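Enquirer: Please work out how this folds:
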Amino acid sequence: MRITQGLARRDPPPGRGDEVARIIEAVREGGDSAVLELTERFDRAQLAPDELQVDPRELEASVGVLEPALLQALRTAIANVRAVAERQIGEPVAVEGPQGQRIEVGEVPVGRAGVYVPGGRAPYLSTVVMCAVTARAAGVPQVAVCAPPGPGGKAHPAILAACVLCEVSEVYRMGGAQAVAALAYGTESVRAVDVIAGPGNAWVTEAKRQVFGVVGIDGLAGPSELVVIAGADADPELVALDLLAQAEHGPDSPVAFVALDQRLLEAVLSAVRRMAPERPSVTDAELQVMSVGDPHGALRAAEDFAPEHLQLVGAEAEALAADVRRAGCVFVGPGAGTAFGDYVAGSNHVLPTGGSARFESALSVSTFRRRMARVSLPGGAPARLAPAGATLARAEGFPVHAESMERRA
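Expert: Numbers count the residues shown, from 1 in each chain. Okay, the predicted model is just below:
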């Protein structure tokens, strides 16, 4: 693990806009055949035309292959994510206006959601849980999951089992930009969705950027990020382990430590140097470090970074929790390792990255719901509102708008 001084966000990698645009256009024009050809090219998996969607019998059988401990772990994660998501549903609001009008503002779920589950070194069961459970809790009646096929075109049985436990019966063997295009525009086998959620690589992120507007998206996820602020009373071994844990996301994922005490900084660095060589999954990562004596100065440095995850450890650091405004998710206290949020705490791990925590929120039921007003003007409300409405309409050059309101008066 490389150690550098100061917090600095790397420049994003070069865009893949043109290549992704060609993939999206190929899927729009070619449908299933284009998805299958691109799957063979990028995932090295040959699928028959009727194999794009996973057979329901294969889905149901997948639960039986899970180890009991993994099955129980999935159920724990699902229950906790669902409990948090269900509490986020907003109650309808009704407002009686002074002229007698009634406005009801409520939330309605989208009709159909797509969940992208990235491929990689291992099956990302937790992404299925975070996205599918939240969509279901939001009331979405149709949820489709897609994930890149593995060797021989097989869908990973653990991914399929997670889908079954999350009440998803529509699963596709497809990944990359072609999967995003298929979800956005539809093909012979894939019905278009209203919202696409879930993280992915640079190709997936660029595809989501390009189809936004045709469908809604949860955000543009980049590499995972962690900033830890810790005070003198923090356990250096646990801080080091939390930093190393997030470093497992890869060398492009920023991991930073802001120490409020110089001795703690030295102790954490000593622990990192001792522990990292024994953990080959983190050896390529970079750790950025800095020492800031003033807690609020440390928070300013962290919020300039606006990290996906912000961890506050030790009394001085934990006292900052209520002041945080720029972070995807905040973990407070010695027990709240960021890894719990990645899996089982109940908070969502699909979080804003790349500084977008300044204006963007975590994936939630709001991602899959939209607000809608219902307007009624009973009795004399039209007559009381028409004079003001007609005056404004004529000022904007819309006389028929004015007439429409005045006729009801």
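
Enquirer: how about the strands in the stretch 201-350 of the chain?
Expert: Listed in chain order, the strands of the stretch 201-350 of the chain (DSSP state E, counting those that start in this stretch) span 216-217, 226-230, 255-259, 286-291, 309-313, 329-332.

Enquirer: okay, these in JSON lines with mean pLDDT and mean neighbour count next?
Expert: From N, CA and C alone the C-beta is placed, and that goes for glycine too. As requested, these are exported to JSON lines (pLDDT from 0 to 100; neighbours: other Cβ atoms under 10 Å):
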{"stretch": "strand 216-217", "mean pLDDT": "98", "mean neighbour count": "20"}
{"stretch": "strand 226-230", "mean pLDDT": "98", "mean neighbour count": "27"}
{"stretch": "strand 255-259", "mean pLDDT": "97", "mean neighbour count": "26"}
{"stretch": "strand 286-291", "mean pLDDT": "94", "mean neighbour count": "18"}
{"stretch": "strand 309-313", "mean pLDDT": "98", "mean neighbour count": "28"}
{"stretch": "strand 329-332", "mean pLDDT": "98", "mean neighbour count": "20"}
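
Enquirer: Throw these into CSV and include distance to Ala79, thanks.
Expert: Formatted as CSV, the strands of the stretch 201-350 of the chain follow (distance: least, Cβ to Cβ, whole Å):
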stretch, distance to Ala79
strand 216-217, 27
strand 226-230, 26
strand 255-259, 30
strand 286-291, 34
strand 309-313, 23
strand 329-332, 19
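
Enquirer: nearest to Ala94, of those strands?
Expert: Closest to Ala94 of the strands of the stretch 201-350 of the chain is strand 216-217 (Cβ to Cβ; 26.3 Å).

Enquirer: Return the distance of the closest one from the chain's centre.
Expert: Taking the mean of its C-alpha atoms, strand 216-217 sits 11 Å from the chain's own mean (Cα atoms, centre = their mean, to the nearest Å).

Enquirer: strand partners of it, parallel vs antiparallel please.
Expert: Strand pairing for strand 216-217, determined by DSSP bridges: strand 195-197 (parallel).

Enquirer: who touches the partner strand?
Expert: Residues outside strand 195-197 that contact it (Cβ atoms under 8 Å, 6 or more residues apart in numbering): 110, 112-116, 131, 134-135, 180, 183-184, 208, 211, 215-218, 350, 363, 367-368.

Enquirer: which sections of the stretch 1-150 of the chain are below the confidence cut-off?
Expert: Confidence mapping of the stretch 1-150 of the chain against pLDDT under 70 gives the ranges 12-13, 15.

Enquirer: Next, the residue nearest to Pro399 when sequence neighbours are not counted: secondary structure please.
Expert: Spatial nearest neighbour of Pro399, excluding adjacent residues (Cβ to Cβ, 6 or more residues apart in numbering): Ala393 at 7.1 Å. What DSSP: H, G, I helix; E, B strand; the rest coil gives for Ala393 is helix.

Enquirer: how many neighbours does Ala393 have?
Expert: By other Cβ atoms under 10 Å, 19 other residues sit near Ala393.

Enquirer: how close does it get to Val140?
Expert: From Ala393 across to Val140, the span is 38 Å (Cβ to Cβ, to the nearest Å).

Enquirer: and if you look at Arg408?
Expert: Separation of Arg408 from Val140 (Cβ to Cβ): 37 Å.

Enquirer: With Ala298 instead?
Expert: Distance, Ala298 to Val140, by Cβ to Cβ: 40 Å.

Enquirer: that older thread, quick check, the residue nearest to Pro399 in contact with Pro387.
Expert: No. Applying Cβ atoms under 8 Å as the test, Ala393 and Pro387 come out as separate, 10.9 Å apart.

Enquirer: Go through the helix or strand hosting Val35 and flag the buried ones.
Expert: According to DSSP states H and E, Val35 maps onto helix 32-43. In terms of neighbour count (16 or more other Cβ atoms under 10 Å), helix 32-43 has its buried residues at 32, 34-36, 38-39, 42-43.

Enquirer: ok, back up a step: counting neighbours, go ahead and name the busier of Arg408 and Val140.
Expert: Val140 (22 against 13).

Enquirer: Contact partners for the more buried one?
Expert: Counting by Cβ under 8 Å, 6+ apart, Val140 has contacts 109-113, 368.

Enquirer: Let me know whether my guess that it is in a strand holds.
Expert: No. In this structure, Val140 is coil, not part of a strand, as judged by three-state DSSP.

Enquirer: Phi and psi next, for it.
Expert: phi -70, psi 120 (degrees, to the nearest 10).

Enquirer: Tell me where the stretch 51-200 of the chain has helices.
Expert: Applying DSSP state H, counting those that start in this stretch to the stretch 51-200 of the chain gives helices spanning 56-62, 68-86, 125-128, 134-137, 157-165, 176-185.
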